[in-house]
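1. just to be clear, the model below is a prediction. Sequence and coordinates:
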Amino acid sequence: MQPPERRLSALQQAAQQLGAALGADTANRLLAYLDLLQRWNATYNLTAVRDPDEMVVQHLFDCLAVIAPLKRQAGEVGQLLDVGSGGGLPGIVIAAVCPQWQVVCVDTVGKKAAFIRQAAAELQLRNLQGEHARVEQLQAAPFDVITSRAFASLADFVHLTRPHLRSGGVWMAMKGKRPDAEIAELDGSVEVLHVEHLDVPQLSAERCIVWMRPHL
């Protein structure tokens, strides 16, 4: 495991490459989040990635890669819903880096929602909320952006979350390789705005965002 100062330096360098430069306070908050995730992982299966250095790359770098695209597509301020958030990815990362965004993470597993709430308290993220619910039963105001990371197929994702999308809002689906088969399964009520390739530092696997909105 890298010493803390090297992890901090690597995190800030990767964020800079991704157009999401981090101050020391925010970077340290993200590393504190990983420490919390590791502690909870000892009891609850929040993430399959266990090695601390791999967590920095596969969790933090991976989620930081969506920050600049999110701001370009939806601006600096808004309401975001992270569906099937699990251990808070990408919701906690977005909440930490983008304090003007109000972030709600929803998960059907109670312990995962409890972890989100604990992270919000320990990391002092007043813009982060954890909800234990099925997304189709969630009681919440509509959102400007709805995101997911390996939650479901695109068709299921948009079907389940459509009632929560504000007029003019967008879906931000985080995927690995370009999901052409899933895109082909979308019906005519959904418009794919574009598929944005992401270059994640130190990650060899493919990553992309599928941006969608209801067909106008």
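-> Arrived safely, thanks for sending. Numbers count the residues shown, from 1 in each chain.
2. quick one, phi psi at the closest residue to residue 203 other than its chain neighbours?
-> Spatial nearest neighbour of residue 203, excluding adjacent residues (CB to CB, 6 or more residues apart in numbering): residue 57 at 5.7 Å. Where C-beta positions appear, they are placed from N, C-alpha and C, glycine not excepted. Per-residue torsions, residue 57: phi -80, psi -50 (degrees, to the nearest 10).
3. now residue 112
-> According to degrees, to the nearest 10, residue 112 has phi -70, psi -40.
4. was I right about it contacting residue 87?
-> Yes - with contacts counted by CB atoms under 8 Å, residue 112 reaches residue 87, the gap being 6.7 Å.
5. any shared contact partners between those two?
-> residue 46 (CB atoms under 8 Å, 6 or more residues apart in numbering).
6. of those two, which one has the most company?
-> Taking neighbours as other CB atoms under 10 Å, residue 112 and residue 87 compare with residue 87 leading, 25 against 22.
7. residues in contact with the residue nearest to that one when sequence neighbours are not counted?
-> Take residue 87 and drop its neighbours on the chain: the residue closest to it by CB to CB, 6+ apart is residue 46, 3.8 Å away. Residue 46 makes contacts with 37, 40, 86, 87, 111, 112, 115, as judged by CB under 8 Å, 6+ apart.
8. just the buried members of those?
-> 37, 40, 86, 87, 112, 115 (16 or more other CB atoms under 10 Å).
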